[in-house]
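*Asks:* sharing a model that was predicted from the sequence below.
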Amino acid sequence: MKTVRINGKQLPSIGLGTWHMGDQIGQRPQELAALQAGISAGASVIDTAEMYGNGRSEKLVGESISNMQRDSLYLISKVLPENASAKRLPQRLDRSLMALGTDYLDLYLLHWRGTIPLSETVQALEDAKQAGKIRGWGVSNFDVADLQELLSVPHGENVSANEVLFNLQNRGPLFDLLPWQQQHQLPLIAYSPIAQGDQLGGQLRQNKILQTIALAHQTSVFTIMLAWVVDHQQVLAIPQTSQRQHALVNVAAGKIQLTDQERRQLAAAFPTPTRKEPLAVL
């Protein structure tokens, strides 16, 4: 499987997203089975956030890994911008750790920019790292200008990753953000790496190029869409699914090797933007 190096650790390029998971008690057994199947298949990265279900997603993740070896997993959570102050961040971090049933996070992200100065948030993150409660920290939904500003504050250079929306339909990061991050050796974590919405998914499912490539690899169009995301250097994808079989298929996408011809076909069908686009968010 392709790998990505984040904060000194080599990780499989396909992880597990948990947005919208943990909200419905009736789906809990199914969601637990999906997470555990993905982990068993080789996905060591699990991405969650305090915002997801107001902590219910973190509790679901905690339950799913309760009998697993902690150092075999890479746990990511996120703090809301209004909680990213010197006073509140340690409190919210402890809340997330308790929900997850662990004493440290591998990566803690600022979910998006807010009104609290970046310098204050970065110092709070550095303090959490010194306390041993996180191994590293990063950001989410940051564009190039945000990252440039981040590097200008004390300890801002310690940022370990940036998580943004990136998929075949949302290719804006290809124009400037992904090249900038590659130049600065800053990994990109792609959330929602497969098309969003039934109409969009149906349109892409009918794309002849995607269908041909999927047939060649004996897989689905959506698997090829995911393989395209992680085919880019230093990109880790965190697809979300509540279905056990889908989790297995998603993880397997990290093993697909696109040919040069297939890359050219996809680049022609889904070209890189020719000008700056606002960073897309969901």
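*Replies:* Nice, thanks for sending it over. Numbering: from 1, shown residues only.

*Asks:* got the contact list for residue 31?
*Replies:* 21, 22, 60, 64, 242 (CB atoms under 8 Å, 6 or more residues apart in numbering). In short, each C-beta sits where N, CA and C put it, glycine included.

*Asks:* so how far is residue 65 from it?
*Replies:* 13 Å (CB to CB, to the nearest Å).

*Asks:* mind saving the C-alpha coords of stretch 183-195 as PDB?
*Replies:* Taking Å, rounded to 0.1, in the frame of the first residue of the first chain, the C-alpha atoms of stretch 183-195 are listed here in PDB:
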ATOM      1  CA  GLN A 183       7.400  22.200  -1.600                       C
ATOM      2  CA  HIS A 184       7.200  22.700   2.100                       C
ATOM      3  CA  GLN A 185       7.000  19.000   2.800                       C
ATOM      4  CA  LEU A 186       3.700  19.400   4.500                       C
ATOM      5  CA  PRO A 187       1.400  16.400   4.000                       C
ATOM      6  CA  LEU A 188      -2.200  16.900   2.800                       C
ATOM      7  CA  ILE A 189      -5.000  14.900   4.400                       C
ATOM      8  CA  ALA A 190      -8.000  14.700   2.000                       C
ATOM      9  CA  TYR A 191     -11.400  14.600   3.600                       C
ATOM     10  CA  SER A 192     -14.400  13.400   1.600                       C
ATOM     11  CA  PRO A 193     -12.100  12.100  -1.100                       C
ATOM     12  CA  ILE A 194     -15.000  10.500  -3.000                       C
ATOM     13  CA  ALA A 195     -17.800  12.500  -4.700                       C
END
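
*Asks:* begin at 29, not 1, for the rest of this chat.
*Replies:* Okay, residue one is now 29; in that scheme the one you just asked about reads as stretch 211-223.

*Asks:* and it, which residues are buried?
*Replies:* If you call a residue buried by 16 or more other CB atoms under 10 Å, then stretch 211-223 has these buried ones: 214, 215, 216, 217, 218, 219, 220, 221, 222, 223.
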